[in-house]
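Colleague: coordinates for the following, if possible.
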Amino acid sequence: MIIEKTSEKSAVVTLLLCMFLGNLGIHRFYVGKWFTGILMFVTLGGFGIWYLVDIALIVCNRFTDRQGRIVDLAKNPASFKTVMGVFAALIILFYGFIIGSIVLSLMATGVLVDVAQNQLNAFRSGDMKAAYSYTAADFQKTTPLEAFTTFSNQYRLDSNESMSIVDRSIRGNNGFVIGAVKLKDGTVYMIQYRLHKEGDQWKIIGIGLQTNGAPSPATSGKPTPAKK
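Modeller: Okay, the predicted model is just below:
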């Protein structure tokens with residue numbers, strides 16, 4: 001019968017170092033494994049996988065120090081397969097939550113992009129009344145259709161070709177869409193839409209443009225032309 005020697009290093013300290021500084025390999029430095037500790041340090045814990053394996057090894061009493069002695073943590077340790085199975089399930093749940101959150105966010109903000117894109121489509125088709133219909137009642141109170149048409153003509157929005165979305169978000173009852181609008185002649189405007197809910201629909205409450213490095217912040221009501 002072979003009796004395995006127990007390391008003098010604290011298993012609790014080793015586990016805590018692995019859990020909180022495992023990506024830097026500090027737990028391996030602690031037990032005297034300098035070479036593999038350096039490898040973990042330069043690879044950030046084996047790209048986030050190696051240090052998880054080490055946690056499982058420590059919990060299962062299979063992690064050794066430099067002399068090959070067991071860092072004894074538990075009298076009746078769980079099996080290595082069981083611990084790694086738990087880790088795998090936790091990782092799947094974590095990334096599933098992250099991916100799910102991203103998908104839900106994109107779905108929620110997709111309607112904002114649709115409003116902005118629909119207005120640009122209306123500009124492109126020359127239907128100014130349709131473009132104006134996407135604006136909020138408060139916007140229309142301070143900006144009549146004639147002024148709105150002048151704004152569109154000044155920045156040649158009827159010749160917009162495409163819009164690339166840079167950012168979109170919802171904060172309370174306000175929505176924001178930031179994009180780069182490219183005109184047919186190659187001119188690119190940074191455009192910011194600010195929207196809010198009217199009933200069950202999102203309406204545009206402010207439009208801001210930026211060209212040649214001069215910003216025109218989004219406004220409530222009358223769109224402010226960008227400075228040139």
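
Colleague: distance from the lengthiest helix in the chain to the middle of the chain?
Modeller: When the chain is parsed with DSSP state H, its longest helix is helix 80-125. Here helix 80-125 is found 9 Å from its chain centre; the criterion is C-alpha atoms, centre = their mean, to the nearest Å.

Colleague: following it, which helix or strand shows up next?
Modeller: helix 128-133 (DSSP states H and E).

Colleague: roughly how far is that following helix from the heart of the chain?
Modeller: Worked out by C-alpha atoms, centre = their mean, helix 128-133 lies 33 Å from the chain centre.

Colleague: in that helix, what's buried?
Modeller: Judged by neighbour count using 16 or more other C-beta atoms under 10 Å, the buried positions of helix 128-133 are Met128, Ala131, Tyr132. C-betas here are computed from N, CA, C, even on glycine.

Colleague: now do stretch 158-169
Modeller: Asp158, Asn160, Met163, Arg168.

Colleague: same deal with stretch 167-176?
Modeller: Arg168, Ile170, Gly175, Phe176.

Colleague: which helix or which strand is home to the last one?
Modeller: Secondary-structure assignment from DSSP H and E places Phe176 in strand 174-183.

Colleague: convert the C-alpha atoms of that strand to PDB, please.
Modeller: C-alpha atoms of strand 174-183 as PDB (Å, rounded to 0.1, in the frame of the first residue of the first chain):
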ATOM      1  CA  ASN A 174     -35.800  57.500 -23.700                       C
ATOM      2  CA  GLY A 175     -34.200  55.700 -26.600                       C
ATOM      3  CA  PHE A 176     -31.000  56.600 -28.400                       C
ATOM      4  CA  VAL A 177     -29.600  55.600 -31.800                       C
ATOM      5  CA  ILE A 178     -26.200  56.700 -33.100                       C
ATOM      6  CA  GLY A 179     -25.100  56.000 -36.600                       C
ATOM      7  CA  ALA A 180     -23.000  57.000 -39.500                       C
ATOM      8  CA  VAL A 181     -25.100  58.100 -42.500                       C
ATOM      9  CA  LYS A 182     -23.400  58.000 -45.900                       C
ATOM     10  CA  LEU A 183     -24.700  60.200 -48.700                       C
END
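
Colleague: who does the very next helix or strand once past that strand touch, helix- and strand-wise?
Modeller: Proceeding N to C from strand 174-183, the next assigned helix or strand is strand 188-198, under DSSP H and E. Judged by 3 or more C-beta pairs under 8 Å, 6 or more residues apart in numbering; DSSP states H and E, the packing partners of strand 188-198 are helix 80-125, strand 174-183, strand 201-211.

Colleague: now strand 188-198: buried residues?
Modeller: Buried residues in strand 188-198 (16+ other C-beta under 10 Å): Tyr189, Met190, Ile191, Gln192, Tyr193, Arg194, Leu195, His196.

Colleague: alright, calling it a day.
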